[in-house]
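Visitor: Model the following, please.
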Amino acid sequence: ELGLLPTMRAVQNTRLIALDATWYFSSQSKNIHCPNCSCIQHADGKTTHFHSAITPVIVSPGHAQVVPLRPEFIMPQDGHAKQDCEIAAAKRWLAAHATRYHTGNDTLLGDDLYAHQPFCRQVLLHGFHFLFTCKPASHPHLSQWVEALVPGRDLHSLTLRTKGKSNRWERHVHRWAHAVPLTDADDALKVNWCDVTVTDDARKLLYHNAWITDWAITDDDVAGWVSAGRARWKIENENSNVLKTKGYHLEHNFGHGQEHLSSLLATMNLLAFALHTFLELADADYQLIRTTVGARRTFFEHLRALTTYLHFENWTRLMDFMMRGLEIGPHALGQNAEQEHRKQRTREERDDSVSATLALTPSSHPDLAAPAGHDNLVAGRRVRSDEIDQARDGRLVHAGGMGLAAVCDVLVAASGVNFCLSE
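Guide: Modelled structure (predicted):
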């Protein structure tokens, strides 16, 4: 509704969804495991039991944040003798959520594990595009095919000179080819291939990687596809790494239970991360507090301390309380604001003094009654009769926003007594 997701679209206006698996529980104890655990047998005879899940996220080359989507847990499936794996879980995620997340122009990102024909076909069958990392070591036939292509005719190239993150000039050499067989089989899926080699001015290698995709690649968008492929790392850095090292403690053993407890606790952790991500994208108060407090861990410590001892009716009240304590946002006190605050305090103190004086009304002190024939002209100011009546009835206690001098004038007209108010 806020229009945030459209701004995260990448080259060819496609939405990038990165897939990757991460552990959220592990143990080598003989007593802590369940039927849903995966396991690794080590050479020394020990066994590591663990739980993991595919945690898809929407990524974008121009955005630091990632948007979490529904996970798919990796666990033994009914009727399957083999241990569950990441690719099988990714296929289940597609079958379960393709309709939910399909917008007509979506591209799945994944590491080299996903760049294999069966999964690529599944992606296409569900109406998605793909852009997967493709390593020469795991795709020898494809790599040999590419190297045999004629440069300039079948193997295209584009060199760009641009400034990198360190503000130093880099040389980006892009290459791409179309209709390359993914395997050496007769029914091999034909894919489009691209790679990039990044060097500095001294031709020192800084980065190299390659991808396969079903998108057609041209010299106008090859750099965009490379940027989209490199954005895959965000699922590791901005998702898995944040969940494990920035205060969520995803890999901490909060509890294993007999069957589903660890998965439930991991789901709650992912929901918290999703909520914080949307607040970081859409809530101005949250953004301001996070910027002021700094590290995510520090913010969590503040939340934990406040909610331990105080009750807040809702999230807005909590954010307002924190901004008030930090003196930011609507509660910011700059130098001029501080001076105005002190002046306001002085005015309030004077008003309190006047209110105390006004408590001496004619109803409680008949000797303060106005003398007959009073002309109601005090200090050059004509006092209205309704002000005099209010003063006599004791109803001028709050002074109705009147200045201090005006209040004194009314008192004089009402009682004929001169009040001397000192500061």
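
Visitor: quick one: the strands in the stretch 251-400 of the chain?
Guide: 377-378, 381-382 (DSSP state E, counting those that start in this stretch).

Visitor: which one of those has the lowest average pLDDT?
Guide: Mean pLDDT per stretch puts strand 377-378 lowest among the strands of the stretch 251-400 of the chain, at a mean of 42.

Visitor: Name the residues of stretch 67-78 that come out as buried.
Guide: For stretch 67-78, burial by neighbour count (16 or more other C-beta atoms under 10 Å) applies to 67, 68, 69, 71, 72, 73, 74, 75. No exception for glycine: its C-beta is placed from N, CA and C like everyone else's.

Visitor: Just those: which are in helices?
Guide: Residues from the buried residues of stretch 67-78 lying in helices, with DSSP state H as the criterion: none.

Visitor: what's the pLDDT at the nearest residue to residue 19 once chain neighbours are set aside?
Guide: The spatially closest residue to residue 19, leaving aside those adjacent along the chain, is residue 110, at 4.7 Å (C-beta to C-beta, 6 or more residues apart in numbering). Looking at residue 110, its pLDDT is 96.

Visitor: Could you list which residues are in contact with residue 110?
Guide: 18, 19, 20, 90, 130, 132, 133, 232 (C-beta atoms under 8 Å, 6 or more residues apart in numbering).

Visitor: Okay, and the beta partners of it?
Guide: Counting by DSSP bridges, residue 110 is bridged to residue 132.

Visitor: and it, how far is that from residue 192?
Guide: From residue 110 over to residue 192 the distance is 16 Å, taken as C-beta to C-beta, to the nearest Å.

Visitor: Span of stretch 65-74 from start to end?
Guide: End-to-end distance of stretch 65-74 (C-alpha to C-alpha, to the nearest Å): 25 Å.

Visitor: From the chain's centroid, how far away is that stretch?
Guide: From the chain centre to the centre of stretch 65-74 is a distance of 14 Å (C-alpha atoms, centre = their mean, to the nearest Å).

Visitor: To what extent is the closest residue to residue 46 other than its chain neighbours buried, counted in neighbours?
Guide: Nearest non-adjacent residue to residue 46, counting by C-beta to C-beta, 6+ apart: residue 28, 5.5 Å away. Other residues within reach of residue 28, judged by other C-beta atoms under 10 Å, total 13.

Visitor: next one: residue 100
Guide: Close neighbours of residue 100, defined as other C-beta under 10 Å, add up to 8.

Visitor: Going along the chain, name the helices of the chain.
Guide: Under DSSP H, the chain gives helices at 4-7, 86-101, 117-125, 140-147, 222-230, 234, 241-245, 261-282, 284-293, 296-309, 315-326, 335-358, 385-393, 404-415.

Visitor: The ones you listed: which one's closest to residue 61?
Guide: Nearest to residue 61 among the helices of the chain is helix 222-230 (4.5 Å), distances taken as C-beta to C-beta.

Visitor: Now do the most centrally placed residue in the chain, the pLDDT please.
Guide: Nearest to the mean C-alpha position of the chain, by C-alpha atoms, centre = their mean, lies residue 277 at 2.4 Å. pLDDT, residue 277: 89.

Visitor: That one: what's it in contact with?
Guide: Residue 277 touches 65, 66, 67, 68, counting by C-beta under 8 Å, 6+ apart.

Visitor: again with residue 177
Guide: 146, 149, 154, 155, 156, 192, 193, 194.

Visitor: Can you give me the distance of the last one to residue 235?
Guide: It stands for residue 194. To residue 235, residue 194 is 20 Å away according to C-beta to C-beta.

Visitor: next one: the second one
Guide: When C-beta to C-beta is applied, the distance between residue 149 and residue 235 equals 31 Å.

Visitor: likewise the fifth one?
Guide: If you measure residue 156 against residue 235 using C-beta to C-beta, the figure is 29 Å.

Visitor: More neighbours: these two, which one.
Guide: Legend: neighbour count by other C-beta under 10 Å for residue 156 and residue 235, higher for residue 235 (27 against 18).

Visitor: Do I have it right that that one meets residue 19?
Guide: Yes. Using C-beta atoms under 8 Å, residue 235 makes contact with residue 19 at a distance of 7.5 Å.

Visitor: Touching both of the two, which residues are there?
Guide: 56, 109.

Visitor: For the contacts of residue 177, please prepare a markdown table with the additional fields pLDDT.
Guide: As requested, these are exported to a markdown table (pLDDT from 0 to 100):
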| residue | pLDDT |
| --- | --- |
| 146 | 96 |
| 149 | 95 |
| 154 | 95 |
| 155 | 97 |
| 156 | 97 |
| 192 | 98 |
| 193 | 98 |
| 194 | 97 |
